[in-house]
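Q: Predicted model and sequence below, questions to follow.
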Amino acid sequence: MKLLIICPDFYNYKNVMINEAEKIENIELVCFSERPSGFIYNLSRSFFPKLKAYLENKHLTNILKSTDHLSLDKVVIVRGELITSDFLSLLKIKHDGVRLINYQWDSISNNPKAKEVIAYYDSVLSFDNDDCKQYGLRYLPLFFSEYSLNESAKNNKKVGFIGSYHGERLNRLIAAKEKLASLGYELEFKLYIPFLAYLKNILKLNIIPINYLFFKKMTNKEVNSFYMGFSFVLELPSEKQSGIPMRFFEAIAIGRNVLFNISRSKIDDLAPVIAQYAVTFDELKSGNQFKCVQFSCIDEYHISNWFRKIIYS
């Protein structure tokens, strides 16, 4: 099988997907990040929109040129924020019989261009159940990539969170910190922001408390190491999405419980097998206790199973 993967270069997930693809027998693999990289592109994202558009179009053109000789069998695009109908049409023309597969790990409300190209794919899957119902997509929850169950984990009344910075998230985290303190729990959180984006906020007089921030991307192992000091990992799903985020699965796979600010019924519907390791704010207030994670409950959400469901969809 000749396979092209286009995916976000985010928390090492690109390398994780490459590793899974290489396990397939007789695979010939090519993989690209969904975005360009480098200082110039990062600078353009913050200050030069026309240059940004040029670099993104050039990136898609380079992907097409780099795969001309392959006669691809399948293309898997994860998220695909930059993907256009012209790009997908050219893939179909250049690679007769190729199967185009898309997985949306963000909601379409956060990635509105996605709905413009749904019809060009042969199969589209999503982590967002509401999007699946509205656009006729196949529901597939997200995954975790590493096991590291810690049987000694117990309720130390500490809650951790690591994520990317945006204004809404910071305000919600500060509110959650205050609420958890009133329940006798301590929340520690860190938010990633590229340094150029931080400078752009300063120029706009949006001063972000630096003690909440970090500027260098963390690996999965570094994130997991941070969470080892906590019994609970906080999850604050965006109101714009209905899917269960990656953080939920990754946290449970390292033996942590997940604290949610959504209803119990929603958690049970979207991830029934491991919902027992999720706790709502109301349940925490009622004295809900930490539960030790059992490996047998989480195995179906491992990336090996997730990837095969996509590649053979």
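A: That came through, no problem.
Q: Please, where are all the strands along the stretch 101-250 of the chain?
A: Listed in chain order, the strands of the stretch 101-250 of the chain (DSSP state E, counting those that start in this stretch) span 123-126, 138-139, 158-164, 186-192, 213-214, 232-235.
Q: I'd like those as JSON lines, with mean pLDDT and mean neighbour count appended.
A: From N, CA and C alone the C-beta is placed, and that goes for glycine too. Formatted as JSON lines, these follow (pLDDT from 0 to 100; neighbours: other C-beta atoms under 10 Å):
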{"stretch": "strand 123-126", "mean pLDDT": "97", "mean neighbour count": "21"}
{"stretch": "strand 138-139", "mean pLDDT": "94", "mean neighbour count": "14"}
{"stretch": "strand 158-164", "mean pLDDT": "93", "mean neighbour count": "19"}
{"stretch": "strand 186-192", "mean pLDDT": "94", "mean neighbour count": "17"}
{"stretch": "strand 213-214", "mean pLDDT": "92", "mean neighbour count": "14"}
{"stretch": "strand 232-235", "mean pLDDT": "92", "mean neighbour count": "24"}
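Q: Out of those, the one nearest Cys292 is which?
A: Closest to Cys292 of the strands of the stretch 101-250 of the chain is strand 232-235 (C-beta to C-beta; 13.3 Å).
Q: got a list of contacts for the closest one?
A: 158-161, 173, 176, 185, 187, 189, 227, 245, 247-248, 251, 256-261, 279, 290 (C-beta atoms under 8 Å, 6 or more residues apart in numbering).
Q: Distance from that strand to the middle of the chain?
A: Between the centre of strand 232-235 and the centre of its host chain there is 15 Å, according to C-alpha atoms, centre = their mean, to the nearest Å.
Q: Give the pairing partners of it; include direction for each.
A: strand 158-164 (parallel), strand 257-260 (parallel) (DSSP bridges).
Q: Okay, buried residues for the shortest one please.
A: Counting neighbours by 16 or more other C-beta atoms under 10 Å, one finds that the buried residues in strand 257-260 are 257-260.
Q: so which strand or helix has Leu3?
A: Using DSSP states H and E, Leu3 sits in strand 2-7.
Q: Which positions in whichever helix or strand comes after that strand come out as buried?
A: Downstream of strand 2-7, the next assigned helix or strand under DSSP H and E is helix 13-21. Buried residues in helix 13-21, counted by 16+ other C-beta under 10 Å: 13-14, 16-17, 20-21.
Q: quick check: mean pLDDT across helix 13-21?
A: Here helix 13-21 scores 89 as its mean pLDDT.
Q: Run through who's touching that helix.
A: 3, 5, 7-8, 27, 29, 31, 33, 78, 145, 220, 303-304, 307, 311.
Q: again, only this time at 7 Å
A: The contact list for helix 13-21 (C-beta atoms under 7 Å, 6 or more residues apart in numbering) reads 3, 5, 7-8, 27, 29, 31, 33, 145, 303-304, 307.
Q: next one: that helix to chain centre, how far?
A: The answer for helix 13-21 is 14 Å, by C-alpha atoms, centre = their mean.
Q: Alpha carbons of that helix, in PDB - could you do that?
A: Coordinates of each C-alpha in helix 13-21 appear next as PDB, following Å, rounded to 0.1, in the frame of the first residue of the first chain:
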ATOM      1  CA  TYR A  13       1.400  13.000  17.300                       C
ATOM      2  CA  LYS A  14       2.900  13.100  13.800                       C
ATOM      3  CA  ASN A  15       5.700  10.700  14.700                       C
ATOM      4  CA  VAL A  16       3.200   8.500  16.600                       C
ATOM      5  CA  MET A  17       1.100   8.200  13.500                       C
ATOM      6  CA  ILE A  18       4.100   7.400  11.300                       C
ATOM      7  CA  ASN A  19       5.100   4.600  13.700                       C
ATOM      8  CA  GLU A  20       1.600   3.100  13.500                       C
ATOM      9  CA  ALA A  21       1.600   3.300   9.700                       C
END
